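Chemist: The sequence isn't on hand, but the structure is:
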């Protein structure tokens, strides 16, 4: 027969610390402390399996379980020599929920269960403390009625205030026993009125009611949401802990408190916590009385304090982690009510893990498992001053796209952002959505706020890459860019008004808030010396340990030398993705890019025609030559202007790209640098079609301007696409416009030679995007090889290059065996693979992806964390097929998932060689990679 | 040692008919005829393997092969008792190319090889016919110089004309021997001038030159293109046939001709062909002299004619197919020069195959293999009057999207098409591209012509489905819809001008042409009785044989009862795809659809809010009830108008959909009818965003109209998507707007009950589109099941329904095992699967897909014929995984590929249960399915 109830008490427990699945964290901790001989009030834990039964039976348990509970209660009564709610000397208990993971929405603690109109008198007589007994009873009624009977708290608060007013009393503790009797009567009247029934007097009914409330709270929407967001299985269930009461409210020799063995904010090695004399349970955290620092206890109750220090130190060593504990001192006697690993900030997590290694408590690999990779993010981004932040009103919520705190004056266009910040103003860029031509504004802004878009929208991706706090998809905003206003509810915010955003939570606050900068970042940026920052040293130490463990290489997605520098400082060992087009948006380059685009089609065609005619002339006999030459002259006349414009623009762009690439090579100091050839659809570089249509319809501008608009519109119409994501982009551009690939390849090799000549090693890896068919790769590769031969000749010392492909089209994944024949490496573009594999445009998915996650159709946003069961299969197929052709094929991933710990675990398990993440996520990726290997070691 | 040369002659040949791979069609035919004892001039065939060697060695053969050729020549010389080009009695030969498949661009025949300045005198003396000898020589010089030496034909034509003028002679045959001597001298001068060398005099050199020219012609660009288009492997190679000359130009007892054993246009059983007396080789087809009908030969040369009839009849029985033969009569003696299966029209193919069965020559299954499925198309569509068509100038070329001939007055909008045709005019609808709201115009038009779009663009798909001749993507057109003109080159076509398009070739002609209607279609449409149309009877007979053979079921893509009726008449056994949205575009429905869309989001939200509040009110206690009721009242006020509009629109649409579905059920007479729930993004039903923006910018319209435009634009902005193909469509609509799915499901079941109550069987198969995750299907299915329970209750006699899903998202393919748990059937949407799997938007791919096929990156347009090696793998994965979960899972395909023979072969091989094709492709699909099984039988 399965066991559902676990007893603890009398120095022995039926459970132990490893039984968190069955007993929850709290139950397992109580069992463990009991077994360790610590002073823990006895009790029993109803296991999580009973919760499953409760859910299955729609709100009831089986008779067998009820019997087991009754037995445990009887055993407890025997041990304590009291019986639950007995009129003369009542046994009182607390009832608490306790799952493997703590989560919001779960039932609050119920204390003093067992009290009723008769046992309260017994308690008074037994303790000789009437005020204590009545106070305990009114607390019980209040808690039970709220939590179990679902009656509004305020109704009780109102009665309490009435009595306090009548009694002319300010603090709860100043209420007399008589006052409390009045409160109790009033409370009971409230219960009768709200439920139509008197407050339950049978202690067994009280216990059953409390227990069922715990089980019911497992299905509380907040808890359900939390579990979904944190990957906690819904069938895990909660346990119920029933424990003998001890009383911190028995006068000045009693107290109750909470504490941490170290500072959970900073990680500092200090005894940290608070307590209240003559108080019970939630008083400490309720904020009605101001609690004292825990260290004050040393003077007030020296022996209990000493015992507490000893016990908690032992617990920390036992659990090898910072402990978060609760205790009660009843008439100078210490009781431990709970201990668990303490929640901590990222900062503290790093400091504690490193300290525990220094103290010999943890090994390095154990320490690596103690820090949540995602929490490292907190060390990198500015944060709000905590107290100000707590008081600030949240006016709207968006998606927390790029963490960190930002405060600034609102501007509505990138140009305004630049203009305002040139005047020394800190600005927040607010847009419906951002686009590549907003980048200059994003660079200067403190943070970015958009009304649309998801976690991988342009604003989100660029925000994370720049390390800019960003909140996106904040649908409560109504932006009128023309009027330069935005509306949030009934508040109108104008250009220049200061607001704040919290990129870690998605909160938008319509006020200014102070921020604290991140020390780590100051060191990385060189504005603070590493030796002056202990936290930086610990951070760097912890990350250095990852290198001994992890099997995944970590590279960065970096387009410009500054990003590469940051990434390198964070420990990136190479660039996994440089998007060459990023460089095209710079102000001085865009005109050449536009010129190139407008002449590309005719230019390429012309070059082909002239080459063909030239060849025919060369091969022709004298009679044919004459007519061919006339044809050639006509073709020259037709095509020469376009060819000149096209080649001219390419010639201008070549040295610019060369110098960018050289910068990247220099920053990466010999590590590989993966450069992707031009990828986005060309219309992204041109004005918006609708804008031109509207301008022309409204006849806005001079005649010349309108003529230009007409001409541009005509060109854009030719490039317009219904589904640009599935259109003329990626290698399809390089194949229809081979001269662009040629120019880029030449720029890469020329840059490599430039840097190598100074004695550095250079390892460019040229990556062809959006390959769906091996033939595409073969042809683009041929062009790159031609340029390599032209620039490098027989080879240049120090330059070693590879030519590979992105695997981002589903067809490429299933034909990876063929593609591997032409590829030196694969790099998964999981953004596009997710888009195409799922049939989801990430720019548009907001409308249904949000509801999908809310409704539980999808567990998580597949653009944030890779969809292992679907898109993951395409990755696995491609790895298997690619390596079937080339067993040593180097395979990486450069989509946004490269910085997501859950995704990194998958990439490790599937046997990739490296992940590439945005610079600010390199530390996270390093730690996640190490943890992945510790959890599931890969063959070397 | 491999054999490279195969001799034939003296009643025996080394090759035979099965050796087409090695000997080519011609060589195998000559060998076969020789072995059959027919009068074939002896010779030898250099095999296609030598062609491979020639290509590999870049233009030369090995000494071993050269020796083998020399031996064969020697054997021929011995057999004939003459030696090649001998001065006194020269052996003369013809040299011809011959591959397994004939193709354009291959080398023309060279006759009379072996003649030179000396042997021509020997020929004259031996034959006593100086004119004949000289004529043979000048022909040889002309052909050889053009074909082998690559000299322009016109240069020779010019010299010939000069001599004829001088001699005052009109026809070539009237030139005297002296005249011909002059021609020969002039020809030789041309050769000397153009090549710098005299015309080759050594017969062995001549032979080598001709042979190499044959091999070189294998690489001719036209041949390469043809092979690519027709799936002929490039490494097949051509053979070279060297054969003794016989002469049809030895005077009036000699002749040469070509013929067919039956009429290749109509299939009629008649001896068909032409001949010329005293002529050689190409004279018959050159069009200089008018040839005589072959039947005239009976009187002129009765014994030769009788022998020819006997031989060709034997050949037809031997090859079991219509024969296309060449013959020469040399001084009353018949020689057979070639025989091969004759090319024929689709009409003839059907007639001949059925006749041959009736004549006992073919079995039914053999007959099924004799007809190219694609060619059946020709029987269904109107054709141009052939002579007019031949003379018409082709002004532009587009993609041949839907076959058939159409002539009509140009109109530029669907509304005009309707207006003009209401006045009895035949119109051709010309659009940049068509959209769903053009359907009414497409219905009334004779044909459709678009400037953009590919083979699966809207115009193409709908055109094929309606059986309308369509030419799409005709980029030479410049359309100005506002001015109602289009420009083609320098011709301006205005509204009302009559033009013609040939949907079978993509040709556009700027003139009126007469068309002949298709008899088959007249029968299907009921305007002609089947018994009055022999060709219909043969067509129906042939197709009826497919049912005994094929394993694939054939269904139709049909949205409206009329389409279903046509499909049924063509033999469809069910509907594989009914697009419910097609019905939404009808004029009287669109307003309700628009109303539904505009209120959907708020309506659904409101219904959810009210349901939630209602539930809370029901569960609340008295105190809570009060405040909840106020909340409910406020919510009602906020949401009721939207809910009313939403539900009102749905209520209007329900009976319309019900009656459509009932129509389909009736037409399908108990066969399954697959109905897809709403699929396209909703903005497709609304005005175009840009149009409204322009209207507003230009302030076009009254104040009220502008206000409406503003409001509509606002709504559309909310629905605007960057990549609608990957956006809010398919089941994502049904999940966010469940009431739409509910309404459609109810309409389906109510229609089923309606039809079943009249005693008919009804088998609706409800299909959920764009499922990527099993959870999507599960939730949509739950709604459908609810409606089924509501409408059908415990079941309705005669109604059996299934609920299944489309597999069109790559993720669905790789998770098909999970999806199969919830699905009664799968239907592959290979259009979308190709779009997403390949990352190709079919609306946009024109820009690079064309060049891709031209460049040889892709063999074929993957939207026309399924990409077996890539997208096909996704299909295979899904079939395997789906059947792993449910071994008996019914699987079909309803993409455009369902009507493509090559794709059907793949679907048969991969084990699908059925394919669904547009009505006009049902016959093709039936035949292709039968052939697939005959080629590669599937387990039953």
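Modeler: The structure has been received and is ready for your questions. This one's a predicted model, so the numbers in the text were calculated from it and none came from an experiment. Residues are numbered from 1 along each chain as shown, chains lettered A, B, ... in the order given.
Chemist: just the residues of the stretch 101-250 of chain A that are near chain B, which are they?
Modeler: Applying C-beta under 8 Å from any C-beta of the partner chain, one finds that the stretch 101-250 of chain A approaches chain B through A:193-196. C-beta: built from backbone N, CA, C; applies to glycine.
Chemist: quick one: which of those residues is nearest chain B?
Modeler: When those are compared for distance to chain B (C-beta to the nearest C-beta), residue A:194 wins out at 5.7 Å.
Chemist: any idea which element the closest one lies in?
Modeler: Per DSSP states H and E: residue A:194 is located in helix A:177-195.
Chemist: Show me how far the helix or strand just after that helix is from its chain's centre.
Modeler: Remark: after helix A:177-195, the chain's next helix or strand is helix A:203-217, criterion DSSP H and E. Averaging C-alpha positions (C-alpha atoms, centre = their mean, to the nearest Å) puts helix A:203-217 36 Å from its chain's average.
Chemist: Would you mark the buried spots in helix A:203-217?
Modeler: Judged by neighbour count (16 or more other C-beta atoms under 10 Å in any protein chain shown), helix A:203-217 contains these buried residues: A:203, A:206-217.
Chemist: Likewise for stretch A:643-656?
Modeler: Applying 16+ other C-beta under 10 Å to stretch A:643-656 flags A:643, A:645-647, A:649-650, A:652-654, A:656 as buried.
Chemist: now swap in stretch A:173-182 and tell me
Modeler: Neighbour-count burial for stretch A:173-182 [16+ other C-beta under 10 Å]: A:173, A:175, A:179-182.
Chemist: From one end of that stretch to the other, what's the distance?
Modeler: In stretch A:173-182, first residue to last residue: 15 Å (C-alpha to C-alpha, to the nearest Å).
Chemist: what about that stretch, distance to the chain center?
Modeler: 49 Å.
Chemist: tell me the SS of residue A:273?
Modeler: strand (DSSP: H, G, I helix; E, B strand; the rest coil).
Chemist: number of nearby residues for it?
Modeler: 25 (other C-beta atoms under 10 Å in any protein chain shown).
Chemist: now residue A:432
Modeler: 15.
Chemist: Now it. Its backbone dihedrals?
Modeler: phi -60, psi -50 (degrees, to the nearest 10).
Chemist: ok, it - contacts?
Modeler: A:450-452, A:479, A:481 (C-beta atoms under 8 Å, 6 or more residues apart in numbering or on different chains).
Chemist: Determine which two of the residues you listed are furthest apart.
Modeler: Distances among the contacts of residue A:432 were taken as C-beta to C-beta; the most separated pair is A:452 and A:481, at 12.9 Å.
Chemist: hang on, the earlier thing: ok, residues contacting the helix holding residue A:194?
Modeler: A:130-131, A:134-135, A:137-138, A:141-142, A:145, A:149, A:151, A:155-156, A:159-160, A:162-164, A:166-167, A:169, A:175, A:197-199, B:621, B:623.
Chemist: By neighbour count, sort out the buried ones in these.
Modeler: Applying 16+ other C-beta under 10 Å to those flags A:130-131, A:134-135, A:137-138, A:141-142, A:145, A:149, A:151, A:155-156, A:159-160, A:163-164, A:167, A:175, A:199 as buried.
Chemist: mean confidence score for stretch A:852-860?
Modeler: Averaged over stretch A:852-860, pLDDT sits at 85.
Chemist: In it, which of the residues would be classed as buried?
Modeler: Buried, per 16+ other C-beta under 10 Å, within stretch A:852-860: A:852-853, A:857-860.
Chemist: And residue A:260, how close does it get to chain B?
Modeler: 40 Å (C-beta to the nearest C-beta, to the nearest Å).
Chemist: Quick check, pLDDT for that residue.
Modeler: For residue A:260, the model assigns a pLDDT of 90.
Chemist: Can you pull the residues of the stretch 751-900 of chain A lying near chain B?
Modeler: A:770, A:772-773, A:775-776, A:779, A:808-811, A:814-815, A:818, A:832, A:835-841, A:843-845, A:847-848, A:851-852, A:855-858, A:867, A:869-871, A:873-874, A:877.
Chemist: Can I get the buried part of those as one PyMOL selection?
Modeler: To isolate the buried ones among these in PyMOL, judged by 16+ other C-beta under 10 Å, type:
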select buried, chain A and resi 770+772+773+775+776+779+808+809+810+811+814+815+818+832+835+836+837+838+839+840+841+843+844+845+847+848+852+857+858+867+870+871+873+874+877
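Chemist: Mark which of the residues of the stretch 751-900 of chain A next to chain B are part of helices, please.
Modeler: Per DSSP state H, helices hold the following members of those: A:775-776, A:779, A:810-811, A:814, A:818, A:832, A:835-838, A:847-848, A:851-852, A:855, A:871, A:873-874, A:877.
Chemist: just the angle between the longest helix along chain A and helix B:177-195, please?
Modeler: Using DSSP H, we find that the single longest helix of chain A is helix A:622-668. Here the directions of helix A:622-668 and helix B:177-195 differ by 30 degrees (axes from the mean of the first three to the mean of the last three C-alpha atoms, to 10 degrees).
Chemist: helices or strands next to helix A:622-668 in the packing?
Modeler: helix A:561-569, strand A:575-579, helix A:590-619, strand A:672-676, helix A:738-756 (3 or more C-beta pairs under 8 Å, 6 or more residues apart in numbering or on different chains; DSSP states H and E).
Chemist: buried stuff in the last one?
Modeler: Judged by neighbour count (16+ other C-beta under 10 Å), helix A:738-756 contains these buried residues: A:738-756.
Chemist: Also the third one?
Modeler: Applying a neighbour-count criterion of 16+ other C-beta under 10 Å, the buried positions in helix A:590-619 are A:592-604, A:606-607, A:609-610, A:613.
Chemist: Could you tell me which residues of the stretch 451-600 of chain A lie near chain B?
Modeler: Within the stretch 451-600 of chain A, no position lies close to chain B (C-beta under 8 Å from any C-beta).
Chemist: Can you name the residue of the stretch 451-600 of chain A nearest to chain B?
Modeler: For the stretch 451-600 of chain A, C-beta to the nearest C-beta, closest residue to chain B: residue A:452, 10.3 Å.
Chemist: Which residue comes closest to that residue once chain neighbours are left out?
Modeler: Nearest residue to residue A:452 in three dimensions, chain neighbours excluded: residue A:433, at 4.9 Å (C-beta to C-beta, 6 or more residues apart in numbering or on different chains).
Chemist: Verify the contact between that neighbour and residue A:451 for me.
Modeler: Yes: using C-beta atoms under 8 Å, residue A:433 is in contact with residue A:451, at 7.4 Å.
Chemist: just checking, residue A:492 is part of a strand?
Modeler: Yes: counting by three-state DSSP, residue A:492 is found in a strand.
Chemist: which among the buried residues of stretch A:173-182 gets closest to chain B?
Modeler: residue A:182 (22.0 Å).
Chemist: how about the spatially most central residue of chain A, what does it touch?
Modeler: For chain A, residue A:374 is the residue whose C-alpha lies nearest the centre (C-alpha atoms, centre = their mean; 6.0 Å). Listed by C-beta under 8 Å, 6+ apart, the contact partners of residue A:374 are A:901, A:924.
Chemist: Then it would be within a helix, right?
Modeler: Yes: the assignment for residue A:374 by three-state DSSP puts it in a helix.
Chemist: So what's the predicted local confidence for it?
Modeler: 88.
Chemist: So what's the residue count around residue A:580?
Modeler: By other C-beta under 10 Å, the residues close to residue A:580 number 22.
Chemist: give me every residue that touches it.
Modeler: A:559, A:657, A:675-679, A:744.
Chemist: For residue A:528, state which of those residues is nearest.
Modeler: residue A:559 (26.1 Å).
Chemist: Need the three-state assignment for that closest one.
Modeler: Quick answer, by three-state DSSP: residue A:559 is coil.
Chemist: That one and residue B:171, how far apart?
Modeler: Computed with C-beta to C-beta, to the nearest Å, the distance linking residue A:559 and residue B:171 is 77 Å.
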